[in-house]
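Colleague: how would this look folded up:
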Amino acid sequence: MNASVYPAPASLELYGSSPVLVIASSAPAARRAAETVELAGFPVVSVPIDEAPARLDIQAAASACWIEVEEDAGASLDRLLERLGQEAAEGRFPAVIAAPASLIDPITSRIDHRWIELVIDGSPVERIEALSLAMARSRQDNRAVCEDVTQEASQARLRQLSDEVSRIAATLARLSTGPGQAPVEKPEPAGDAPPVSLETIRQVIRARRLRARFFDEELFADPAWDMLLDLLQAEIAQHRVPVSSLCIAAAVPATTALRWIKTMTDAGLFNRRSDPHDGRRVFVELSQEASQALRRYFAEVGKVAIV
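Modeller: I've put the predicted structure just below:
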């Protein structure tokens, strides 16, 4: 690993491009992050988590920041994540956070910025893709052209994902107004939408899961619909759904599910709510428009089998 403590700002010209700053919870974690960053073609400098605040104070430039954590560091991790969110909000650099599934809720409660990608137990390809996506978003926002081939491919995947969510949002918007009605500026209260039984939603979810007994589940991967169904079920049952649980309901790798949650939230289909009893957890719920649209959909479909 060629990673080292970041040099003085005056020596930046030694690099062909600005390095990726790696903040790691251990030496093995730093090596793992450096391997990913170097495969992506960027120089690496690394610091341990306890030195991260001081490093960020003097950081002159960076292509991105990569945080690699193996376990919950409690308040120190919370402070680092909040600082990272501030850096992204100020437009300094994009970031990737690589972590195990056990940290989904603590991390997502502190991170909510389009320049930050979260990779959960990711494969080498998923890790490089996350870095490319984070950089692509920052460059798009800065109206810069992404010349790297890997980043261009990631931008195409990002556009495809955004187009798909836009299509779902448009469909739900039409359904929420009912057939033959014009959209209104103020949606009806959710209670005015047709009622849907909890058992109906549960039967649909069970039927979708049953397919995996007979076919490869990847053939039917549809995380957007699976999450919409899970949140409608929770809404009817008056349950709250944390991010980690919604990732499981999506029936795709957690990294992919988190990307969908972010995009669906940006599209106005999902809302995030802080847990009033646990500052390290957020809940996800349907927006009022999405709830109405789903209820109208089930009312119009009637007793036809829905899978």
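
Colleague: Give me the phi and psi for residue 273.
Modeller: phi -130, psi 130 (degrees, to the nearest 10).

Colleague: any idea of the pLDDT on it?
Modeller: The model reports residue 273 with a pLDDT of 95.

Colleague: go on, residue 214?
Modeller: The model reports residue 214 with a pLDDT of 88.

Colleague: Residue 260: neighbouring residues, count only.
Modeller: When neighbours are defined as other CB atoms under 10 Å, residue 260 has 21 of them. Glycine gets a C-beta too; all of them are placed from N, C-alpha and C.

Colleague: likewise the one 4 residues further on?
Modeller: The local packing count at residue 264 equals 25, with neighbours defined by other CB under 10 Å.

Colleague: Not counting sequence-adjacent ones, nearest residue to it?
Modeller: Leaving aside its chain neighbours, residue 264 sits nearest to residue 270 (4.7 Å; criterion: CB to CB, 6 or more residues apart in numbering).

Colleague: Phi first, then psi, for the one you found.
Modeller: Listed backbone geometry of residue 270 is phi -120, psi 150, with angles given as degrees, to the nearest 10.

Colleague: mind listing the strands for the stretch 51-200 of the chain?
Modeller: 64-68, 95-99, 116-120 (DSSP state E, counting those that start in this stretch).

Colleague: Mean neighbour count, mean pLDDT and distance to residue 38 for those strands - can I get that in a markdown table?
Modeller: Putting the strands of the stretch 51-200 of the chain into a markdown table (neighbours: other CB atoms under 10 Å; pLDDT from 0 to 100; distance: least, CB to CB, whole Å) gives the following:
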| stretch | mean neighbour count | mean pLDDT | distance to residue 38 |
| --- | --- | --- | --- |
| strand 64-68 | 27 | 96 | 11 |
| strand 95-99 | 27 | 97 | 14 |
| strand 116-120 | 26 | 95 | 16 |
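
Colleague: could those go into a markdown table alongside distance to residue 77?
Modeller: Shown next, in a markdown table, are the strands of the stretch 51-200 of the chain (distance: least, CB to CB, whole Å):
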| stretch | distance to residue 77 |
| --- | --- |
| strand 64-68 | 9 |
| strand 95-99 | 9 |
| strand 116-120 | 13 |
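
Colleague: circling back to that earlier point, for the residue nearest to residue 264, what are its contacts?
Modeller: Residue 270 is in contact with 227, 231, 261, 264, 284-287, 290, counting by CB atoms under 8 Å, 6 or more residues apart in numbering.

Colleague: now it: how far from residue 288?
Modeller: Separation of residue 270 from residue 288 (CB to CB, to the nearest Å): 11 Å.

Colleague: nearest to residue 39, of the contacts of residue 270?
Modeller: Within those, distances to residue 39 taken as CB to CB reach their minimum at residue 261, with 26.9 Å.

Colleague: Now do the SS call for the closest one.
Modeller: Assigned with DSSP: H, G, I helix; E, B strand; the rest coil, residue 261 falls in the helix class.

Colleague: Distance check, it against residue 300.
Modeller: From residue 261 over to residue 300 the distance is 27 Å, taken as CB to CB.

Colleague: List the buried residues of stretch 132-141.
Modeller: By neighbour count, and taking 16 or more other CB atoms under 10 Å as the criterion, the buried residues in stretch 132-141 are 132-140.

Colleague: from these, which is closest to residue 209?
Modeller: Taking the buried residues of stretch 132-141 together and measuring to residue 209 by CB to CB, the closest member is residue 133, at 28.9 Å.

Colleague: I'd guessed the closest one sits against residue 116; true?
Modeller: No - look at residue 133 against residue 116 with CB atoms under 8 Å: they stay out of range, at 10.2 Å.

Colleague: I appreciate the help and will end here.
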